[in-house]
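A.B. asks: Sequence below, structure please.
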Amino acid sequence: MKKTILNTMWFSVIALLLVSCGDDFLVEEPTGNEPTIKQIGEAGAVNPEINGAFMTGVYSTMFTTGTGGTGSQSDFGQKGFDIYSDMLTGDIALTLSTYGWYRAAITEFQAPLDFTQQENYQGWRYYYRVINRSNLVIETVLQEPQPEEEADLM
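C.D. replies: Take a look at the predicted model:
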C-alpha cells in the first residue's frame with residue numbers, strides 16, 4: 001500500500017515537471033496596458049488606419065479625466081496643468097479658495113518643494129503618457145516602408 005502511494009506521488013511529480021517545462025506557457029509579449037512597437041506595427045500591417053486611431057487616442061489623453069494617474073478633481077488633462085503652471089508663475093492669483101483646491105500644494109508652493117506631493121506625480125505621469133504614446137506612433141510609422149520605397153523595391 002505504501003509503495004503504491006509512493007510510486008503514484010513520484011509519477012505525479014515527474015509528469016508535472018515534464019508538462020510544466022513546455023514552451024506553450026511562455027508569454028513573449030508584455031501583458032500590460034501599453035502596446036509595444038511590434039504590436040502596433042503588426043496591427044498597422046493588417047489595418048492601415050490603426051496608427052491614426054492610436055494618435056487620436058494620444059490626443060484624447062490631453063482632455064480626459066484621470067490621465068495624470070490619480071482620481072483627483074484637478075487631474076483633468078492639459079488644461080489642469082495649464083492652471084498649475086499659471087498659478088506657479090504668478091499669472092493667476094488665487095485670493096479665495098472655498099473648497100481648498102490648489103491652496104497648499106500650488107499657491108503656497110508646497111508641491112515644488114516636496115517631491116512626494118501628488119501634484120508632482122500627476123504632471124510627470126501625464127506628460128510621460130503623452131510623450132511615450134506619441135513616440136510609439138512615430139517609431140511605428142518610421143518603420144513602415146513608404147510608398148516611394150515600395151516602388152523602388154519592385
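
A.B. asks: Any regions of the protein where pLDDT drops low?
C.D. replies: For the chain, the stretches flagged by pLDDT under 70 are 17-32, 144-154.

A.B. asks: now the top helix by length along the chain, how far from the centre of its chain.
C.D. replies: Longest helix in the chain by number of residues (criterion: DSSP state H): helix 118-143. Put simply, helix 118-143 sits 8 Å off its chain's centre (C-alpha atoms, centre = their mean, to the nearest Å).

A.B. asks: Could I get the buried residue list for it?
C.D. replies: By 16 or more other C-beta atoms under 10 Å, the buried positions in helix 118-143 come out as E119, Y121, Q122, G123, Y126, R129, V130, R133, L136, V137, T140, V141. C-beta here means a position set from N, CA and C on the backbone, and glycine is covered the same way.

A.B. asks: Ok, stretch 91-99 next?
C.D. replies: So for stretch 91-99, counting by 16+ other C-beta under 10 Å, buried means I92.

A.B. asks: What of stretch 34-51?
C.D. replies: For stretch 34-51, the neighbour count (16+ other C-beta under 10 Å) marks P35, I40, G41, A43, G44, I50, N51 as buried.

A.B. asks: try stretch 65-78
C.D. replies: Applying 16+ other C-beta under 10 Å to stretch 65-78 flags T67, G68, S72, S74, D75, F76, G77 as buried.

A.B. asks: Grab the nearest non-local neighbour of the fifth one.
C.D. replies: In other words, D75. Setting aside the residues directly before and after it, D75 is nearest to G68 in space (C-beta to C-beta, 6 or more residues apart in numbering), at 4.1 Å.

A.B. asks: wouldn't the one you found be in contact with V130 here?
C.D. replies: No. Assessed by C-beta atoms under 8 Å, G68 is found out of contact with V130, at 10.7 Å.

A.B. asks: Near T8, how many other residues are there?
C.D. replies: By other C-beta atoms under 10 Å, 10 other residues sit near T8.

A.B. asks: so is it in a helix, a strand, or just coil?
C.D. replies: Three-state call for T8 (DSSP: H, G, I helix; E, B strand; the rest coil): helix.
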